[in-house]
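**Student:** all I have is the shape, not the residue letters:
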């Protein structure tokens, strides 16, 4: 198991950018698949982006071309670069780690961080 701590959220104007970070502690970070989820008030949690141990990435249609997920195994950190932010991106963003991409996509098991709030508003 890994422990996860997200950071980088905040208030940003529409069209702006933020970079979220998810720092992991524990061993063997490099073998984990990682995902960024978000949950807006009154909505179900949704998978925004994922990255495998081999650095294969996938994105939700709503963020394709705007968000980029990446990982630095030496720093045990996964990032979510968010550009061209829209009010609809407002949510609490969570990091998830699991031994397989299937588990990350399922969004139930694995390790979770405490979340970081992103607010997109003018």
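**Tutor:** Done, it's in. Since the structure is predicted, the reported quantities are computational estimates derived from the model, not experimental observations. Residues are numbered from 1 along each chain as shown.
**Student:** C-alpha only now, for contacts and for neighbours.
**Tutor:** Will do.
**Student:** so how far is residue 122 from the most centrally placed residue in the chain?
**Tutor:** Central residue of the chain (Cα atoms, centre = their mean): residue 36, 2.2 Å from the mean position. Distance of residue 36 to residue 122, given as Cα to Cα, to the nearest Å: 24 Å.
**Student:** what's in contact with the helix or strand bottoming out on mean pLDDT in the chain?
**Tutor:** For the chain, counting by mean pLDDT, DSSP states H and E, helix 101-106 ranks last in confidence among helices and strands (a mean of 90). Applying Cα atoms under 8 Å, 6 or more residues apart in numbering, the contact partners of helix 101-106 are 33-35, 47, 50-52, 96-98, 109-110.
**Student:** 10 Å instead, please
**Tutor:** Helix 101-106 is contacted by residues 32-37, 46-53, 56, 95-98, 107, 109-111 when judged by Cα atoms under 10 Å, 6 or more residues apart in numbering.
**Student:** helices or strands next to the helix or strand just after it in the packing?
**Tutor:** Note on helix 101-106: by DSSP states H and E, the next helix or strand toward the C-terminus is strand 111-112. Here strand 111-112 touches strand 3-7, strand 33-39, strand 91-98, going by 3 or more Cα pairs under 10 Å, 6 or more residues apart in numbering; DSSP states H and E.
**Student:** how far out from the middle of the chain is strand 111-112?
**Tutor:** 11 Å (Cα atoms, centre = their mean, to the nearest Å).
**Student:** try stretch 42-55
**Tutor:** Counting by Cα atoms, centre = their mean, stretch 42-55 comes out at 6 Å from the chain centroid.
**Student:** avg pLDDT for that stretch?
**Tutor:** Across stretch 42-55, pLDDT averages out at 96.
**Student:** what does stretch 9-28 give?
**Tutor:** 95.
**Student:** end-to-end on that stretch?
**Tutor:** Using Cα to Cα, the two ends of stretch 9-28 sit 26 Å apart.
**Student:** good, we can wrap up now.
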